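> Structural data only, the sequence is not supplied:
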């Protein structure tokens with residue numbers, strides 16, 4: 001009872017803090033309308049620009065799109081045993097060091113998001129938006145470009161993967177989350193904080209890894225959804241094992257007439273995974289395909305056709321294992337600007353990567369790996385011509401358990417030898433310690449890098465008379481030093497955590513303007529710095545066997561080296577989600593999200609000015625019902641308060657109230 005009271009107090013305190021910050025809107029708006037300053041550090045557009053995610057109680061970092069079942073169910077019994085110390089739920093993860101290992105062997109906190117077939121109406125941006133410290137940069141609704149900022153870092157600092165294949169665009173460095181479908185995934189693994197010591201110059205603020213497939217054998221799963229704006233979505237999936245070969249395959253088709261002019265879209269995607277497991281070998285082959293057409297602005301259209309294939313082979317020879325992996329991906333983007341001065345640009349992008357890991361594992365007491373990786377990227381573009389980049393790297397990482405496993409420490413080091421930049425290094429140190437009373441303390445320190453994208457390096461000089469835009473081949477990688485301290489506590493029916501983080505970014509790339517007469521020239525330069533720090537509070541508890549309440553609150557201060565606020569970073573966000581499961585196989589879920597004021601830019605009489613974007617409050621309601629063992633239906637009402645005035649990114653209209661329904665049949 002005491003812990004429930006404390007959790008309720010934390011939620012109410014967070015809510016009070018949110019509205020206290022929100023009340024500052026008028027004063028802050030007045031400040032900037034009278035000439036106050038802000039920093040444009042870290043602005044990224046290009047491909048920059050969730051409902052139904054709750055924490056799985058008392059399992060460290062594991063989420064579900066559906067609450068755990070009532071007491072008496074096997075899953076709930078396992079959860080209760082884990083909390084009481086009888087059994088520890090130890091999820092197997094692959095993202096922390098790009099090898100398979102138990103989550104208890106990873107010092108850094110990992111959010112593991114597990115799917116539930118009852119909720120088929122969510123998209124990846126909706127899912128990730130539920131994680132503390134995440135800000136989804138939506139350039140409109142539905143299929144509009146959506147990037148992700150982790151703890152205030154620009155979206156190009158986050159690496160997004162599907163089965164280990166990067167999704168980040170080679171031209172811009174960012175990932176469009178709406179290119180990905182969550183209809184056929186086994187889980188999503190998320191790590192916040194610098195990961196360059198493992199992944200190189202693309203994961204300086206965190207890594208998101210979507211893993212396709214299913215742990216259960218389902219010969220066929222079919223789903224149909226229909227909703228507002230003539231939105232129609234079909235999906236088919238099959239997960240089965242034949243003669244020792246386990247396969248997972250899925251196809252999705254998604255289309256909509258759009259909620260405003262030129263916001264319609266059509267998307268078709270497919271994925272396939274094959275797994276062969278022997279006595280001394282493990283082999284996986286996987287691939288994905290996407291074709292999409294969507295409206296971008298009032299007149300522009302974008303056409304994407306992407307595919308990727310990869311494989312990994314592991315030889316199990318005792319304490320020393322060898323893993324050989326690789327992938328190739330191809331992206332073809334055509335952009336038609338439309339309007340009076342319509343133009344067409346096309347960008348063909350390819351990436352090839354090969355990697356070998358030698359892994360030494362000593363009975364879960366010590367695990368070390370050394371790796372070699374070669375990566376080649378190329379772009380053939382109507383704007384920048386042909387460009388390529390080759391990178392060789394070596395990685396060393398060691399994890400050791402001390403004090404009967406209560407203390408876990410990891411050190412990692414990576415050296416990169418790049419054809420364009422000077423040789424660079426990244427390093428990290430992280431640890432966790434298990435205290436009495438089910439308390440876990442974590443701490444980490446990382447020095448990470450983010451490489452400039454091809455578009456920033458090589459964009460050709462474009463002259464519109466009084467305005468000129470050009471790239472900068474002399475850009476250097478951005479340098480981030482990040483710190484994190486996390487305290488977690490789990491008990492029966494409740495989980496609480498509090499995290500402090502700090503990111504110091506040097507050589508941050510920012511588009512800056514110089515003036516000569518009436519001519520303005522804009523180009524990216526390494527002249528800015530960013531200092532970002534904040535707190536994340538999370539609570540998840542079960543007031544009863546049928547109810548789950550989860551809440552998270554993020555407070556963040558983000559400024560440049562001069563102390564000016566960074567654009568597009570709200571000081572606080574809060575999320576509360578209440579899920580109730582009725583005894584007749586029906587689940588009702590209510591989700592509310594508040595986003596505080598932030599600064600944006602807009603054009604007034606062809607002059608860019610900084611303004612204060614209003615805070616906003618959104619609410620979604622969803623319900624799911626299990627008709628039988630094989631048939632499930634669900635309905636979701638998004639933005640039920642019909643807020644049509646809020647902006648996530650300046651100048652991009654968001655959709656009002658929308659309703660979608662889904663039916664899923666599986667065998």
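Ah, there it is. Source: prediction; values computed, not measured. Numbers count the residues shown, from 1 in each chain.

> Check which helices and strands the strand or helix carrying residue 539 is in contact with.
Here residue 539 sits within strand 519-544, counting by DSSP states H and E. Packed against strand 519-544 by the contact rule (3 or more CB pairs under 8 Å, 6 or more residues apart in numbering; DSSP states H and E) you find helix 2-22, strand 54-55, strand 467-469, strand 494-516, strand 547-560. Where C-beta positions appear, they are placed from N, C-alpha and C, glycine not excepted.

> quick one: it to strand 494-516, angle?
170 degrees (axes from the mean of the first three to the mean of the last three CA atoms, to 10 degrees).

> so strand 519-544 versus strand 547-560, what angle?
If you take the same axes, to 10 degrees, strand 519-544 sits at 160 degrees to strand 547-560.

> Now do strand 519-544: distance to the chain's middle.
On the basis of CA atoms, centre = their mean, to the nearest Å, strand 519-544 is displaced by 14 Å from the centre of the chain it belongs to.

> I'd like to know how many residues surround the closest residue to residue 277 other than its chain neighbours.
Residue nearest to residue 277 in three dimensions, not counting chain neighbours: residue 244, with 7.3 Å by CB to CB, 6 or more residues apart in numbering. By other CB atoms under 10 Å, 9 other residues sit near residue 244.

> and what of the one 3 residues further on?
Neighbouring residues of residue 247 were enumerated by other CB under 10 Å; the total is 15.

> In contact with it, which residues?
238, 239, 240, 241, 272, 273, 274, 275 (CB atoms under 8 Å, 6 or more residues apart in numbering).

> Surely residue 202 is in contact with residue 170?
No: in this structure residue 202 lies outside contact range of residue 170 using CB atoms under 8 Å: 10.2 Å.

> that older thread, nearest to residue 605, of the contacts of residue 247?
Lowest distance from residue 605 to the contacts of residue 247 (CB to CB) belongs to residue 272, with 53.1 Å.

> you'd agree residue 128 is up against residue 136?
Yes: in this structure residue 128 lies within contact range of residue 136 using CB under 8 Å: 6.3 Å.

> okay, these two: which has more neighbours?
Ranked by neighbour count (other CB under 10 Å), residue 128 and residue 136 place residue 128 first, with 24 against 20.

> Distance of the more buried one relative to residue 107?
23 Å (CB to CB, to the nearest Å).

> next one: residue 622
Taken as CB to CB, the span from residue 622 to residue 107 is 35 Å.

> same thing with residue 439?
On the measure of CB to CB, residue 439 and residue 107 end up 15 Å apart.

> circling back: least confident of the helices and strands packed on strand 519-544, on average?
If you rank those by mean pLDDT, strand 54-55 sits at the bottom with a mean of 36.

> For beta bridges, what are the partners of the residue nearest the centre of the chain?
In the chain, the residue lying closest to the centroid (CA atoms, centre = their mean) is residue 208, at 4.9 Å. Taking DSSP bridges as the rule, residue 208 bridges to residue 160, residue 190.

> got a list of what it touches?
With contact set as CB under 8 Å, 6+ apart, residue 208 has these partners: 128, 148, 158, 159, 160, 161, 188, 189, 190.

> Can you pull out the low-pLDDT segments for this protein?
Residues of the chain meeting the criterion pLDDT under 70: 1-90, 116-121, 606-607.

> can you give me the helices for it?
2-22, 25-33, 74-84, 124-128, 196-199, 454-458 (DSSP state H).

> re earlier: if you count surrounding residues, which of residue 439 and residue 107 has more?
residue 107 (22 against 14).

> Roughly how far does that one sit from residue 402?
For residue 107, the distance to residue 402 - CB to CB - is 12 Å.

> residues near the residue lying closest to residue 183 once chain neighbours are set aside, how many?
Spatial nearest neighbour of residue 183, chain neighbours left out: residue 235 (4.3 Å); criterion: CB to CB, 6+ apart. Using other CB under 10 Å, residue 235 has 21 other residues around it.

> can you check the one 10 residues further on too?
When neighbours are counted by other CB under 10 Å, residue 245 registers 12.

> hang on, it packs against residue 275?
Yes: counting by CB under 8 Å, residue 245 touches residue 275, with 7.2 Å between them.

> measure the residue nearest to residue 277 to residue 166 for me?
From residue 244 across to residue 166, the span is 30 Å (CB to CB).

> Pull out the buried residues from the contacts of residue 247.
238, 239, 272, 273, 274, 275 (16 or more other CB atoms under 10 Å).

> Pull the contacting residues for the residue lying farthest from the centre of the chain.
Most distant from the centre of the chain: residue 517, at 43.2 Å, with distances by CA atoms, centre = their mean. Counting by CB under 8 Å, 6+ apart, residue 517 touches no other residue.

> which one is residue 261 nearest to, not counting chain neighbours?
Computed as CB to CB, 6+ apart, the closest residue to residue 261 that is not its neighbour in sequence is residue 298, at 6.3 Å.

> Quick check: beta-bridge partners of residue 498?
Legend: beta-bridge partners of residue 498 under DSSP bridges are residue 487, residue 537.

> surely it meets residue 487?
Yes: in this structure, residue 498 is within contact of residue 487 by CB under 8 Å, at 5.2 Å.

> Now for the residue nearest to residue 183: which residues touch it?
Residue 235 is in contact with 120, 181, 183, 184, 221, 222, 223, 250, 251, 252, 253, counting by CB under 8 Å, 6+ apart.

> one more time with 10 Å, if that's ok
Applying CB atoms under 10 Å, 6 or more residues apart in numbering, we find residue 235 in contact with 120, 181, 183-184, 221-225, 250-254, 269, 662, 664.

> now the nearest residue to residue 471 once chain neighbours are set aside: how far from residue 387?
Distances taken as CB to CB, 6+ apart put residue 459 closest to residue 471, at 3.5 Å, once the chain neighbours are dropped. Per CB to CB, residue 459 is found 11 Å from residue 387.

> and what of residue 363?
48 Å.

> list the residues that contact both of residue 107 and residue 402?
With CB under 10 Å, 6+ apart as the test, residue 107 and residue 402 both reach 408, 409, 431, 433.

> Let me know the closest of these to residue 467.
residue 431 (50.7 Å).

> what are the bridge partners for the closest residue in space to that closest one that isn't next to it in sequence, then?
What sits nearest to residue 431 in space, not counting adjacent residues and going by CB to CB, 6+ apart, is residue 409, at 4.3 Å. Applying DSSP bridges to residue 409 gives these bridge partners: residue 400, residue 431.

> So residue 409 is in contact with residue 402, correct?
Yes: with contact defined as CB atoms under 10 Å, residue 409 reaches residue 402; the gap is 7.1 Å.

> Need the overlap of contacts for the two.
Contact criterion CB under 10 Å, 6+ apart; residues shared by residue 409 and residue 402: 431, 433.

> which one of these two has more residues nearby?
residue 409 (16 against 12).

> Just list the residues touching the residue lying closest to residue 192 once chain neighbours are set aside, thanks.
The spatially closest residue to residue 192, leaving aside those adjacent along the chain, is residue 206, at 4.6 Å (CB to CB, 6+ apart). By CB under 10 Å, 6+ apart, the contact list for residue 206 reads 131, 133-134, 148-151, 153, 157-160, 190-195, 199, 448, 482.

> ok, now residue 288?
Residue 288 sits in contact with 162-163, 165, 167, 180-181, 184, 210, 212, 250, 269-273, 306-310, 329, where contact means CB under 10 Å, 6+ apart.

> Over to residue 346?
By CB under 10 Å, 6+ apart, the contact list for residue 346 reads 303, 332, 333, 334, 335, 336, 380, 381, 382, 383.
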